[in-house]
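[1] Need a 3D model of the following:
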Amino acid sequence: MIDKTVATCSEAVAKVFDGATIMVGGFGSPGIPSMLVEALRKQGAKNLVVISNNAGSDDWGLGGLIQDGRVRKLVASFPNSPGADAFKDLYMKGEIELELVPQGTLIERIRAGGAGIGGFYTPTGVGTELAAGKETRVINGREQVLESPLYADFTLIKAYRGDRLGNLTYRLAMRNFNPIMATAADVVIAEVDELVPVGTLGLEEIHTPGIFVDAVVKVERHPRLFEPQRARRAKK
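    A predicted model of the protein is given here:
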């Protein structure tokens, strides 16, 4: 019987190795697999390359992993988000590398990695520092830059519901980078709010089929996940 569930986040990330490339889902606060990232902090892997939309927040989750000095390079669109103090500090000190990628280009590079596409041309970034050293060509009278696909050793994602086969469904803004990142890694690990019996999820509800997923772990939402929102409301 196929059963991709694991008991704890620590067990789920146990095989992440030093120097691994890791995709971390989420967009701002929604859809971030914070409990898996916290488990990775305790696991100890270092010299990591992280592909994520942003650089985390405060000293928890991805922000905490960066603060711990465990990330060698960040590939991101919005590293200067509110609360990303750890990244800003390390970057200014020259202790972390940044590959800045326009947001649409970032998700398309990930999609290309999952689809096995060797690269694609886009006009985004032409004539800027982001295109430095990259091949360009004129297509239909418009200059375009060649972008390479992104692929990872591990992807950590967040879903609303999952079953033991690895089928996943997302809720609201969870459906951001998570579904695409699930296609573009050797090992895909999902934390879910609810673990449901096989057959509970209707075919039209399954956003990520289990064929893409290697491990599923049910997590309880940590109170820390709600602190930023509460702080913002308190200031109003």
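
[2] C-alpha only now, for contacts and for neighbours.
    Fine.

[3] Poorly predicted segments of this structure, please.
    222-236 (pLDDT under 70).

[4] do that again at 80, thanks
    The model of the chain has pLDDT under 80 over residues 28-29, 221-236.

[5] What's the first helix or strand after the host helix or strand of E11?
    Here E11 sits within helix 9-12, counting by DSSP states H and E. For helix 9-12, the succeeding helix or strand toward the C-terminus, using DSSP H and E, is strand 21-24.

[6] Need the contact partners of that following strand.
    Contact partners of strand 21-24, identified using CA atoms under 8 Å, 6 or more residues apart in numbering, comprise 32-33, 48-52, 152-157, 178, 181, 185.

[7] In helices only, show me these.
    Under the assignment DSSP state H, the contacts of strand 21-24 contribute 178, 181 to helices.

[8] Quick one: the strands in the protein, in order.
    21-24, 48-51, 71-76, 97-100, 120-122, 136-139, 142-147, 152-162, 168-169, 185-195, 215-218 (DSSP state E).

[9] Name every strand pairing with the first one and say which way it goes.
    In other words, strand 21-24. Note on strand 21-24: by DSSP bridges, its sheet partners are strand 48-51 (parallel), strand 152-162 (parallel).

[10] residues of the helix holding E11 that come out buried?
    By 16 or more other CA atoms under 10 Å, the buried positions in helix 9-12 come out as 9-10, 12.

[11] Redo those residues as TSV? Include distance to T105.
    Listed next are the buried residues of helix 9-12 as TSV, based on distance: CA to CA, whole Å:
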residue	distance to T105
C9	31
S10	32
A12	30
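
[12] got a list of what the closest residue to P197 other than its chain neighbours touches?
    Of all residues beyond its chain neighbours, the one nearest P197 is D163 (5.8 Å), with distances taken as CA to CA, 6 or more residues apart in numbering. Contacts for D163 (CA under 8 Å, 6+ apart) come out as 5, 195-198, 216.

[13] Now with 6 Å, please.
    Neighbour list for D163: 195-198 [criterion: CA atoms under 6 Å, 6 or more residues apart in numbering].

[14] ok, now L48?
    Neighbours of L48 in contact, by CA under 6 Å, 6+ apart: 19-21, 71-72.

[15] change it to 10 Å
    16-22, 65-66, 69-74 (CA atoms under 10 Å, 6 or more residues apart in numbering).

[16] Would you quantify the distance from it to N178?
    L48 is 19 Å from N178, where distance means CA to CA, to the nearest Å.

[17] Isn't M181 up against A115?
    No. With contact defined as CA atoms under 10 Å, M181 does not count as touching A115 (11.0 Å).

[18] Which one's more surrounded, the two?
    The neighbour comparison of M181 against A115 (other CA atoms under 10 Å) goes to M181, with 30 against 13.

[19] Check which helices and strands the helix ranked longest in the chain is in contact with.
    Criterion DSSP H: the longest helix present in the chain is helix 103-115. On a contact count with 3 or more CA pairs under 10 Å, 6 or more residues apart in numbering; DSSP states H and E, helix 103-115 meets strand 71-76, strand 120-122, strand 142-147, strand 152-162, helix 178-181, strand 185-195.
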